[in-house]
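**Student:** Dropping a prediction and its sequence here:
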Amino acid sequence: MSVLEKTDRSSAPKPAAPMDKVTSSPNRKNRPERHPVKFTLLLVVSIALFLPFVALAIKGLTPASELGANSWFPTDWRWQNIPDAFNQIPYFKFAAISTFIAVVYSLLTTLSSALVGYGFARLKGPGKRALFAVLIGMMIVPQIVTLIPTYLLFSQFGLIGTYWPWVLWGTAGAPYAIFLYRQFYASFPKELEEAARLDGAGRLRTFISIFVPLSRPLMVTAFVISFNATWGDYVAPTLFLNADNTTLAVGIATGYDNAHGILLPQLLAAGSFIYILPVVILFLFAQRSYVRGFVSSGIK
Amino acid sequence: MTTLTGIRRRSIRGARRRDGLAFYGFISPWLLGTAVLTVFPLGYALYVSFTAWDGISPFKPWVGLANYAEVLSSPDTWSALSKTLLLVAIVVPATILGSLVLAIWLNEKVKGRIVFRTIIFLPAIVPAVAAALIWKVIFDKDSGSVNRVLGTFGIHPVSWVTGNNAFITLLVVMLWGIGAGIIIYLAALQTVDAEQLEAAKMDGAGALATFRHVTLPAISPILLFQTVLTLITTLQVFIPALLLAPVGVTQTVASVPVANRLYMVDVWSQFFQYSRYGYGSAMIIVFVVVILILTAIVFRIGGRSVYYAVDPDQKGDVK
């Protein structure tokens, strides 16, 4: 992470000073000021937003017999709920499918969006303005609106039940990410390319050898956003994959009831808790770069 | 690709054409992708909306504008639309203002702010599917924590996923992600000119006046951008409504209580419960128009108060 930090600091188009405020420890020139009111309010909000996680964890370790019991904690913590949750549905198979789709899509879209963002930021071509307006417009078109017709289209080509839709979506890039990349790449002086051009580098090489390394924090941001979106997506796998070969999102949403259709809250809790762990861990690990990615895109 | 000597000697027109080719080369993944994955499906939906297609038979009987007439005259449409707008009217302002206020607090040198920032942002990265299921567990009538807390006040167990209560539960699920905007706002707050803030302080401006005249103008474009995005995503919400449905977890759209029959829930049921692909497509097209109108209104109102800073030493072509 510290490597990314350094890259970013040297490459930032804006002065580095304001960025330090985001993450650096307060033992700098400014003494840490006391904000008792804000501290208390933030504490209250944080506790309120964190409690559901705690409730979920407790529920996930409660034996079925104690579900309705009148106590805050189970008398007997049942860790067996976790393996039970894994066995109730093909958990690891679904998790593998989720991981595969999310990684493939995110890698493709992170790179593809950078390429397109670079085109919009630093190359000239007829109709560029109009196309950029179309790009912004695409952010407004609801995903679900195109998803059902895309489903109709893909079913004609036998793409239902395959992972090709995610490859295609990934290759096309994501408007939101393209926009962030464009903002970021547009903030560098022209001399950067000219120097590369003098060395005889083509546009693609200039992009790969100069601009891609500069945008590493933004790539982390784009990757994390796309990974989370795909890992959490319920609609596309429901439409485009078969029920026995689907993602974990669909699996946990449909598998945790007994033969009579009665909800199994303790297994659902255990299963969902483990389902959200990857996105939480990914975010915690990538947090610094993620935040910097936004800052460095020079959003204005 | 292009070499230096090559580009110098060629005529300006040739160079321009090469530039244009390079531009289109770079954006081609998106351009082709949008054509195939967005424009074509939208066109297809438009075509299907004029038919009474059932989604299976090869024959798509042409019905002209009949679907649209039915969409616009059906009380279900208006009921679904009004519920969707009510959800938007609560969730969008709450999320935008909530995130903004939290970001402003977090931007101060408050002790433990990194921890606070992480915790507040955490629910926002929990996928909607999981958020709905988590709250379903917490709001469960017999075993949920909410009824347990109410029980300590002597209140009998409440069914939270049926009747009008279902809408409250849906709101809670949505508002859990109130911190979704804090990262982008924190980033935006970093771009506020420190000198101007200092100057405002010197002039004896209070915190509120400083915010109104210095901070707000500087972050207004991001605020507008976030408002539009939040508006669009909230209008389309239907996964939480679907997954909160009271039958076990095997959600069928038919079991979604009336209070949670949002517009997209209705669309989903037209397609996958009634196999009315033509009618469902017409509903989608109508919804796109509704979204465009609402977005235009937000841009109209917001655009007037947005202050676009033109950074004098910013190079490159800013739009």
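**Tutor:** Right, received. Where do you want to start?

**Student:** Compute the mean per-residue pLDDT across stretch B:301-319, please.
**Tutor:** The pLDDT scores in stretch B:301-319 average 53.

**Student:** Next up, the contacts around the closest residue to A:Gly125 other than its chain neighbours.
**Tutor:** Excluding its sequence neighbours, the residue lying closest to A:Gly125 (Cβ to Cβ, 6 or more residues apart in numbering or on different chains) is B:Phe23, at 2.9 Å. For glycine as for every other residue, the C-beta is placed from the backbone atoms N, C-alpha and C. Shown in contact with B:Phe23 (Cβ atoms under 8 Å, 6 or more residues apart in numbering or on different chains): A:Gly119, A:Leu123, A:Lys124, A:Gly125, A:Lys128.

**Student:** same question, A:Pro90
**Tutor:** A:Asp244, A:Gly251.

**Student:** how much space is there between it and A:Ala249?
**Tutor:** 14 Å (Cβ to Cβ, to the nearest Å).

**Student:** Tell me how many other residues crowd B:Val256.
**Tutor:** Other residues lying near B:Val256 total 25 when counted by other Cβ atoms under 10 Å in any protein chain shown.

**Student:** ok, now the one 3 residues further on?
**Tutor:** Under the neighbour criterion other Cβ under 10 Å, B:Ala259 is assigned a count of 17.

**Student:** what stretches of the stretch 1-150 of chain B score poorly on pLDDT?
**Tutor:** Flagging of the stretch 1-150 of chain B using pLDDT under 70 yields the residue ranges B:1-11.

**Student:** What are the boundaries of the helices in it?
**Tutor:** B:4-9, B:12-34, B:40-48, B:66-73, B:75-107, B:113-125, B:128-138, B:145-151 (DSSP state H, counting those that start in this stretch).

**Student:** packing partners for the longest one?
**Tutor:** Put plainly, it is helix B:75-107. helix A:36-60, helix B:113-125, helix B:165-175, helix B:182-190, helix B:216-235, helix B:263-272, helix B:277-305 (3 or more Cβ pairs under 8 Å, 6 or more residues apart in numbering or on different chains; DSSP states H and E).

**Student:** In space, what's closest to A:Leu123 - neighbours in sequence excluded?
**Tutor:** A:Leu123 sits nearest to B:Phe23 (Cβ to Cβ, 6+ apart), 4.0 Å away.

**Student:** What separation do you get for that neighbour and A:Pro126?
**Tutor:** 8 Å.

**Student:** tell me which residues in the helix or strand A:Val279 falls within are buried?
**Tutor:** Assigned by DSSP states H and E, A:Val279 belongs to helix A:265-296. Counting neighbours by 16 or more other Cβ atoms under 10 Å in any protein chain shown, one finds that the buried residues in helix A:265-296 are A:265-276, A:278-280, A:282-283, A:286-296.

**Student:** Same question for stretch B:173-183.
**Tutor:** Buried-residue list, stretch B:173-183, by 16+ other Cβ under 10 Å: B:Val173, B:Met174, B:Trp176, B:Gly177, B:Ile178, B:Gly179, B:Ala180, B:Gly181, B:Ile182, B:Ile183.

**Student:** Can you list the low-confidence ranges for the stretch 151-300 of chain B?
**Tutor:** B:247-251.

**Student:** Could you list the residues of it in contact with chain A?
**Tutor:** Residues of the stretch 151-300 of chain B lying close to chain A by Cβ under 8 Å from any Cβ of the partner chain are B:151, B:176, B:178-179, B:183-184, B:186-188, B:190-191, B:194, B:221-222, B:228-229, B:232, B:235-236, B:238-239, B:243, B:247-251, B:264, B:267, B:271, B:277, B:280-281, B:284, B:287-288, B:291-292, B:295.

**Student:** could you flag which of those are buried?
**Tutor:** When these are checked for burial by 16+ other Cβ under 10 Å, the buried set is B:176, B:178-179, B:183-184, B:186-188, B:190-191, B:221-222, B:228-229, B:232, B:235-236, B:238-239, B:243, B:248-249, B:251, B:264, B:267, B:271, B:277, B:280-281, B:284, B:287-288, B:291, B:295.

**Student:** Could you count how many residues lie near B:Asn200?
**Tutor:** Check again: residue B:200 is Ala, not Asn. So B:Ala200, with other Cβ under 10 Å, has 18 neighbours.

**Student:** Pull the contacting residues for it.
**Tutor:** Contacts of B:Ala200 (Cβ under 8 Å, 6+ apart): B:Ala209, B:Thr210, B:His213, B:Val214.

**Student:** The first one: neighbouring residues, count only.
**Tutor:** Which is B:Ala209. Count around B:Ala209 with other Cβ under 10 Å applied: 12.

**Student:** what about it, which helix or strand?
**Tutor:** Assessed by DSSP H and E, B:Ala209 sits inside helix B:207-210.

**Student:** Which elements pack onto that helix?
**Tutor:** Applying 3+ Cβ pairs under 8 Å, 6+ apart, we find helix B:207-210 packed against helix B:194-202.

**Student:** buried residues in the helix it packs on?
**Tutor:** B:Leu197, B:Ala200.

**Student:** any idea of the angle it forms with helix B:216-235?
**Tutor:** 110 degrees (axes from the mean of the first three to the mean of the last three Cα atoms, to 10 degrees).

**Student:** Could I get the contacting residues of the residue nearest to B:Leu150 when sequence neighbours are not counted?
**Tutor:** Of all residues not flanking B:Leu150 in the chain, B:Val158 sits nearest, at 6.6 Å (Cβ to Cβ, 6+ apart). Residues in contact with B:Val158 (Cβ under 8 Å, 6+ apart) are B:Lys141, B:Val146, B:Asn147, B:Leu150, B:Asn165.

**Student:** which residue is nearest the middle of chain A?
**Tutor:** A:Ile225 (2.3 Å; Cα atoms, centre = their mean).

**Student:** Verify the stated contact: that one with A:Tyr176.
**Tutor:** Yes - the criterion here is Cβ atoms under 8 Å, and A:Ile225 meets it with A:Tyr176 at 7.4 Å.

**Student:** In the stretch 201-300 of chain A, which residue sits closest to chain B?
**Tutor:** Residue of the stretch 201-300 of chain A nearest chain B, by Cβ to the nearest Cβ: A:Gly232 (2.3 Å).

**Student:** The residue nearest to A:Leu159 when sequence neighbours are not counted: which element?
**Tutor:** Nearest non-adjacent residue to A:Leu159, counting by Cβ to Cβ, 6+ apart: A:Pro165, 6.0 Å away. For A:Pro165, the host element (DSSP H and E) is helix A:164-172.

**Student:** On the C-terminal side of that helix, identify the next helix or strand.
**Tutor:** helix A:175-185.

**Student:** and that next one, what does it pack onto?
**Tutor:** Using 3+ Cβ pairs under 8 Å, 6+ apart: helix A:175-185 touches helix A:91-122, helix A:128-140, helix A:216-232, helix A:265-296.

**Student:** Let me have these in JSON lines, adding mean pLDDT as columns.
**Tutor:** Putting these into JSON lines (pLDDT from 0 to 100) gives the following:
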{"stretch": "helix A:91-122", "mean pLDDT": "96"}
{"stretch": "helix A:128-140", "mean pLDDT": "87"}
{"stretch": "helix A:216-232", "mean pLDDT": "91"}
{"stretch": "helix A:265-296", "mean pLDDT": "88"}
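
**Student:** With distance to A:Asp76 added, can I get the ones you listed in CSV?
**Tutor:** Listed next are the helices and strands packed on helix A:175-185 as CSV, based on distance: least, Cβ to Cβ, whole Å:
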stretch, distance to A:Asp76
helix A:91-122, 24
helix A:128-140, 51
helix A:216-232, 33
helix A:265-296, 12
